[in-house]
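# generate coordinates for the sequence data below:
(2 chains)
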Amino acid sequence: MIGLFPGLQSVRWQLTSDEDPRYNCHAYALGETQIFIDPNPELAAYPGIYWPRRVQRAPTLEAFTDLYGAEGYVECVDGSLEPGFEKLAIYVSTDGVEHTARQMLNGSWSSKIGYDEDIMHETPAALEGTTYGRVARYMKRRRRPLKTRS
Amino acid sequence: MNGAHAAQSIRFDSTGFDRKPPKRKYVMTRRPADVISIRSFTLVSSLMPSPMIDQTELRFTTLLARWRRETSHLSSMSKRVFNLAHLEIIGMGTSALPFIFRELENPRDYWFVALSAITGEQPVPPGMSFDEGVKVWRQWATDHAS
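The predicted model follows:
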């Protein structure tokens, strides 16, 4: 993990789950653990792949902003802890959106790493670098119970 | 190097296994062939799987390890699917299927694209979950077992 994300060396972090191919970081950011959110239309018919019909299918910051906007998130200035709100950090590289992390109640951040484990990391910056790029946008909404699927 | 030696040497691939499974005697020739040669390396076939199966499984597991190493941290299914190691697994064709179905017993990866590409079939209806897709493909494997 450190090899992929050197920024973890300077913060507290820990694994918080086993690896799981059923969901990715974008789904996890919305509290979903049974779907894999991906905008590629060629993958739309495959099992477990999800993208909302009303949102443009593209790996762009604008499309992912619309994706999270449809779930009640609005853009915000930074990733500071605001009581009553939950925040997302969207990471972008030259290829487009690479990752989304979500803020936890105590102000630390949680991420699903691809097919691998979930991790808790102290700051969004800890995952910035060549793998996921940089945080390009923060979004927030009023905190609500996480959705679960049986 | 005489002609007979040269003819024997080119029968072996890079791992030293003869491509003809029934053969019991192997001659592995190193360069320079006239200096070092190992003869009469006998394998007990009853204790070892077929060299051809070994080769296929070795190739599959090597590609799988590379696919995981290069993409397991990625959130983009598109990048995972178009990764060269994954495409090479698809390129193995039906010889990869036994190993993919073995992986589906405890799935750690997304195999649906490879399965459809290799078999030319998509038995999973749109909208099904990952777990439902695994069940459908397991049943497909059972139905198509020879």
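
# return the set of buried residues in stretch B:100-120.
B:100-101, B:103-104, B:107-119 (16 or more other Cβ atoms under 10 Å in any protein chain shown). Backbone N, C-alpha and C define where each C-beta goes, glycine included.

# quick check, it touching chain A?
Yes. Stretch B:100-120 is in contact with chain A by Cβ under 8 Å from any Cβ of the partner chain, via B:107, B:108, B:109, B:110, B:112, B:113, B:116.

# got the contact list for stretch A:44-53?
A:22, A:27, A:34-39, A:43, A:57, A:67, A:70, B:77, B:110, B:112-113, B:116, B:122, B:124, B:126, B:128-130, B:132-134, B:136 (Cβ atoms under 8 Å, 6 or more residues apart in numbering or on different chains).

# what's the answer for stretch A:118-133, then?
Contacts of stretch A:118-133 (Cβ under 8 Å, 6+ apart): A:1, A:4-8, A:10-17, A:28, A:79, A:89, A:91-94, A:98-99, A:101, A:104, A:108-113, A:134-135, B:73.

# of those residues, buried ones?
Judged by 16+ other Cβ under 10 Å, buried ones among the contacts of stretch A:118-133: A:4-5, A:7-8, A:13, A:28, A:79, A:89, A:91-93, A:98-99, A:101, A:108-113, A:135, B:73.

# OK, contacts around the closest residue to residue B:137 other than its chain neighbours?
Excluding the flanking residues, the one nearest residue B:137 by Cβ to Cβ, 6 or more residues apart in numbering or on different chains is residue B:115, at 5.7 Å. Contact analysis of residue B:115 by Cβ under 8 Å, 6+ apart lists B:97, B:100, B:121, B:137.

# which one (most neighbours) among those?
residue B:137 (23 neighbours; other Cβ atoms under 10 Å in any protein chain shown).

# wait, what's in contact with it?
Residue B:137 neighbours (Cβ under 8 Å, 6+ apart): B:101, B:104, B:111, B:112, B:115, B:123, B:124.

# also residue A:100?
So residue A:100 contacts A:25, A:26, A:28, A:29, A:64, A:68, A:88, A:89, A:90, A:91, A:111, B:75 (Cβ under 8 Å, 6+ apart).

# before we move on, what SS does the residue of chain B found nearest chain A have?
As assessed by Cβ to the nearest Cβ, chain A sits closest to residue B:133 within chain B, at 2.8 Å. When classified by DSSP: H, G, I helix; E, B strand; the rest coil, residue B:133 comes out as helix.

# relative to residue A:39, how far out is it?
19 Å (Cβ to Cβ, to the nearest Å).

# any buried residues in stretch B:57-71, and which?
Neighbour counts over stretch B:57-71 (16+ other Cβ under 10 Å) mark B:57, B:59, B:60, B:63, B:64, B:66, B:67, B:68, B:71 as buried.

# stretch B:74-84 too?
Those would be B:74, B:75, B:76, B:77, B:78, B:79, B:80, B:81, B:83, for stretch B:74-84 by 16+ other Cβ under 10 Å.

# would you turn those residues into CSV with secondary structure and pLDDT?
Below are the buried residues of stretch B:74-84 laid out as CSV (DSSP: H, G, I helix; E, B strand; the rest coil; pLDDT from 0 to 100):
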residue, secondary structure, pLDDT
B:74, coil, 94
B:75, coil, 92
B:76, coil, 93
B:77, helix, 93
B:78, helix, 91
B:79, helix, 93
B:80, helix, 94
B:81, helix, 94
B:83, coil, 97
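
# still on that earlier bit, so of the residues of stretch B:100-120 next to chain A, which ones are in helices?
B:112, B:113, B:116 (DSSP state H).
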